[in-house]
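Sequence and predicted structure below; questions after.
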Amino acid sequence: MDNRYFDLAFDIPVKQTFTYKIDDAAHAGIGKRCLVPFGRRQMIGYIVGERDTIPSHLEPAKVKAIQELVDQEPLFDNRDIALAQWLADFYLCGIGEALGTILPSARHLPRASTIAAEEITDAALALSDEQQRAVDAIIGGQDAKTFYLYGITGSGKTEVFLCAAQALLNLGKSVIYLVPEIALTQQTEKAIRKRFGTLAAMIHSGLSTGVKLKEWMRIRHGEARIVVGPRSAVFAPVQNLGLIVIDEEHDGSYKSGETPRFNARQVAMHRSAVEGARLVLGSATPSLEAWNMMIQGSMTRLDLTKRLSGGAIPRVRAVSLEHTGSSLTADLKEALRQTAQMGKQSILFLNRRGFAHFYYCRNCGYHLICKHCSIALTYHKERSIALCHYCGYQSEVPKACPQCGSLEAGFRSFGTEMIEEELHRTFPDLRICRADSDTTGTAKKLDEMLSLFREGAFDILLGTQMVAKGLNFPGVRLVGVVFADTGLSMPDFRAAERGFSLIVQVAGRSGRFSPDGQVIVQTLRPHDPLIIKATALDVEGFLHSELAVRKLTGFPPYKRLIRFTLRAKEEARVEAAVKELAALVQPLLPYDADMLGPTECPISRIAENYRCHLILRGSTMGTLHAAARRAYEQYDQEKDNRVYVEIDIDPVSLL
C-alpha cells in the first residue's frame, strides 16, 4: 500500500509523537522500530500509530520518510503501548521515554530459535501447614486478588511463590517473578530453571542487549511463561498474565532513579488490575505502605511464623562500639573465632565500601569534600585514592591538612576495605572474602563468589547490602552487623525504616539450618528504640511505632508526595528557577495539600550541579498530580534550558 503515514515516539523528553511516511508500507506497522531523520541526526523511533492522511497542521512536503525498518516483526503491541501511555501519564514523561524504559535496546534482533514447550516438573518440596494455607489462598481466592506473604526470614516464602506459580502455569497462565537484586535474581533463576526448564526467561542488566531482546521475543511468542528479574521485568510482554510476585517488597531498588522514575510495585498493581492477575508481595520486613494496606484490608495478609530446615530464630544482641580501639569489638572477634572452630561460617555486614569515610582535621575542623559535589570523599587504600561515590571524582590523599598544614588530620570511620584488613590481621588462618561493588564488578563474578561461600570455600563473607537480603547459606551460624548506625541520621523520612529493615534482613541470614544462630549488632547507640526493636526482631512493634511517627509528621503512607528537583551549574540560576516553579504550583494546590520548600537539597551539589527541590504533599494523589502536571506544563513553556528538572512521583528518598 502506497503513501501510508505512521506516528512515531522517540526516547527523548517530549510529550508529542511525530508523523512520518513510507512509500512501501507492506512491512511497516505498529510495534516496530525504524530509523528516521530527526532534526540534523538519525534516530530510532517507535511506531505507535498509523493513519491514511497526515495531521491537518502539517504540510505534505515537510513530512519526512522512514529510512529503514529495524524489526522484521513487532516488538510491542497495543497492550504495551497502553502500558507505556499509563507510565507516561502517571510519571509525567513522554511516551517515547516510557517505551524506551519498557523495551530492550538492541538494534537488531538475533535470529530467533524455536524452543519446544517443556513439561513442568513437579519438583516441589513438601509444604508446611502454613505454607499450604498460603498457596491455597493465593490460587483459590475468588474475591481477593492482592496478597501479602508476611513471614520471618527462613520461613519458606520462596516455596510458596513457586508453588503458586506452578498452579497458575498449569492453568495456562503466565507469571512475572520480581526480585530486588541481581544476586537474588541468579539464586532465584537457578531454582526456577530447575523447576520450570525452558518455560523460564530471565531479564536483568547482566545480560547483553542482544540476549535481552531474544528473551523478550521468546516471552512475546509465549515460549517463556515465567519471567524472573529485577524491576524492569515487570514490563515483560507475557501472554495471559496470571500472577505477579514481588519478593522482598520493601526494597528501595524497586524504584527507578531515572526518568520515568517508576516503582515496580505501582506498575505491578496497575498491570494486575488491568489484566486480572493475582498479585503477591512478600517480605519479613514489609514497607510501611504495604503494612498500612494490610491494616486497611486492601491486601490479604498471609502469615508464615516458623523457620523450616531445622533452623531457629537466632539470638540477637547489641554491643556498644564506644571505647573500642578497633572496628571489631571483643565480643564479635570471640564469636567469629568460636564459629570457625565449630566448622561454621560467618557473615559480616557493613553498608560502606572503601577503607575510611571522611577526612577530618582535629586542629581546624577541615573536611575533604568532592570538588564537584557536597559529599565527603572516601579513602580507598588498595588504589591509594580518595574517591567520590556520587560522581567518581578522584583525589590524592593529603599528607597534611590542606587548610592549616596540621598533621592531626586523616580519614575517620571505616569501610569494608578496612574491615577486611583487620580481619586478615586478627584471623590470619581464616579464609575471608569481600563482596562489594569494588570486588565483584559483574553479576557473574558476584554469583561465583556467593556460590563458593555457599559451598564452604570461605569462613567469613564480608559485604555490603548485596549480602543482606534473601540469600540462603546453610553453613552460616554467625552474622555481625559491623556498624548498625549507618544511614540512621540521614535527613530523610525513610532513614529509620531502611536502617531497621537492613538489620533484621541481615540477621535473617543466621542459623537457618541450625538451632544456635547468633547475631551481634555493633552500634554507638545500643539504647536507641530502633536498635532495641531491631535486636528483638520486633517487626510489628517497629512498624506500628513508625506509622505513628509518619501520621504525626504527615508523611507516607498517610500523605502522598511529588518531588521536583532542579539542578544547574550556576547556583543563582537554579535558585531562581525553583522559586519560579514554586510560584506556579502554589495557587494550583488543592485545599488538602501543602508545599515543602523550595530549598536546597540535603545533598546540595552533585557532579558540579547545584540542586534545589520543592515537595508537594497531599491527602490524595489525583488532585496533587493534576496540580503538579499543570504547574510543570506552564513552567516548561518558559523554562531556562540550562536548568534540568526531575519529577519524582511517590519518592522513596528526599536526599
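Yes, it's here.

got a pLDDT number for the residue nearest the centre of the chain?
By C-alpha atoms, centre = their mean, the mean C-alpha position of the chain lies nearest to Ser253, the distance being 1.1 Å. Here, the pLDDT recorded for Ser253 equals 92.

what does His108 give?
His108 is given a pLDDT of 52.

Mind checking what secondary structure the residue nearest to the centre of the chain has?
Here Ser253 is recorded as helix under DSSP: H, G, I helix; E, B strand; the rest coil.

Distance-wise, check it relative to Ser232.
11 Å (C-beta to C-beta, to the nearest Å). Quick note: C-beta positions are derived from backbone N, CA and C, even for glycine.

quick one: contacts for Arg271?
Contacts for Arg271 (C-beta atoms under 8 Å, 6 or more residues apart in numbering) come out as 83, 234, 241, 244, 277.

now Arg301: how far from Leu281?
For Arg301, the distance to Leu281 - C-beta to C-beta - is 10 Å.

Quick check: end-to-end length of stretch 465-472?
Separation of the first and last residues of stretch 465-472 by C-alpha to C-alpha, to the nearest Å is 14 Å.

Let me know the average pLDDT across it.
Stretch 465-472 comes out at a mean pLDDT of 67.

So which residues of the stretch 1-150 of the chain form strands?
With DSSP state E, counting those that start in this stretch, the ranges of strands along the stretch 1-150 of the chain come out as 4-9, 18-22, 33-38, 41-51, 68-69, 146-151.

The third one: which residues count as buried?
In this case it means strand 33-38. For strand 33-38, the neighbour count (16 or more other C-beta atoms under 10 Å) marks 33-34, 36, 38 as buried.

which one of those residues is nearest Thr285?
The shortest approach to Thr285 among these belongs to Arg33, at 41.2 Å (C-beta to C-beta).

ok, the closest residue to that closest one other than its chain neighbours - how many residues close by?
Nearest non-adjacent residue to Arg33, counting by C-beta to C-beta, 6 or more residues apart in numbering: Val70, 4.1 Å away. Counted with other C-beta atoms under 10 Å, the neighbours of Val70 add up to 16.

buried residues in the top strand by length along the chain?
Assignment by DSSP state E gives strand 593-606 as the longest strand of the chain. Neighbour-count burial for strand 593-606 flags 593, 595, 597-598, 600-601, 604-606 (criterion: 16+ other C-beta under 10 Å).

which of those lies closest to Gln465?
Ile606 (21.1 Å).

Test my guess that that closest one contacts His372.
Yes: Ile606 is in contact with His372 according to C-beta atoms under 8 Å; the separation is 7.3 Å.

Give me the longest helix you can find in the protein.
Using DSSP state H, we find that the single longest helix of the chain is helix 621-638.

Which neighbours in the sheet does the very next helix or strand once past that helix have, and how are they oriented?
On the C-terminal side of helix 621-638, the closest following helix or strand by DSSP states H and E is strand 644-649. When pairing is defined by DSSP bridges, strand 644-649 lines up against strand 560-568 (antiparallel).

got the contact list for the partner strand?
555, 574, 577-578, 581, 585, 601, 606, 609-621, 624-625, 628, 632, 640, 642-651, 654.

C-alpha coordinates for stretch 326-341, PDB please?
C-alpha atoms of stretch 326-341 as PDB (Å, rounded to 0.1, in the frame of the first residue of the first chain):
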ATOM      1  CA  SER A 326      39.100  -1.100  66.600                       C
ATOM      2  CA  SER A 327      36.200  -1.600  64.300                       C
ATOM      3  CA  LEU A 328      35.600  -5.100  65.700                       C
ATOM      4  CA  THR A 329      34.600  -5.400  69.300                       C
ATOM      5  CA  ALA A 330      36.000  -8.200  71.500                       C
ATOM      6  CA  ASP A 331      32.600  -9.800  71.600                       C
ATOM      7  CA  LEU A 332      32.400 -10.100  67.800                       C
ATOM      8  CA  LYS A 333      36.000 -11.300  67.500                       C
ATOM      9  CA  GLU A 334      35.400 -14.000  70.000                       C
ATOM     10  CA  ALA A 335      32.200 -15.100  68.300                       C
ATOM     11  CA  LEU A 336      34.000 -15.200  64.900                       C
ATOM     12  CA  ARG A 337      36.700 -17.400  66.500                       C
ATOM     13  CA  GLN A 338      34.200 -19.800  68.100                       C
ATOM     14  CA  THR A 339      32.200 -20.100  64.900                       C
ATOM     15  CA  ALA A 340      35.200 -21.000  62.800                       C
ATOM     16  CA  GLN A 341      36.300 -23.600  65.400                       C
END
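
Mark out where each domain of this structure begins and ends.
Split into domains by automatic domain parsing, the chain comes to 4-102, 129-304, 315-355+414-549, 560-649.

Make JSON lines out of the ones you listed and add distance to Cys388.
Output for those, formatted as JSON lines (distance: least, C-beta to C-beta, whole Å):
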{"stretch": "domain 4-102", "distance to Cys388": "27"}
{"stretch": "domain 129-304", "distance to Cys388": "17"}
{"stretch": "domain 315-355+414-549", "distance to Cys388": "11"}
{"stretch": "domain 560-649", "distance to Cys388": "9"}
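
hey, least reliable of those by pLDDT?
Ranked by mean pLDDT, the domains of the chain bottom out at domain 315-355+414-549, with a mean of 86.

Regarding that one, how distant is the last residue from the first?
Domain 315-355+414-549 stretches 28 Å from its first residue to its last (C-alpha to C-alpha).

mind starting the numbering at 853 from now?
In the new count, where the first residue is 853, that last one comes out as domain 1167-1207+1266-1401.

Quick one: buried ones out of the contacts of strand 1412-1420?
The neighbour count (16+ other C-beta under 10 Å) marks 1407, 1426, 1429-1430, 1433, 1437, 1453, 1458, 1461-1470, 1473, 1476-1477, 1480, 1484, 1492, 1495-1503, 1506 as buried among those.
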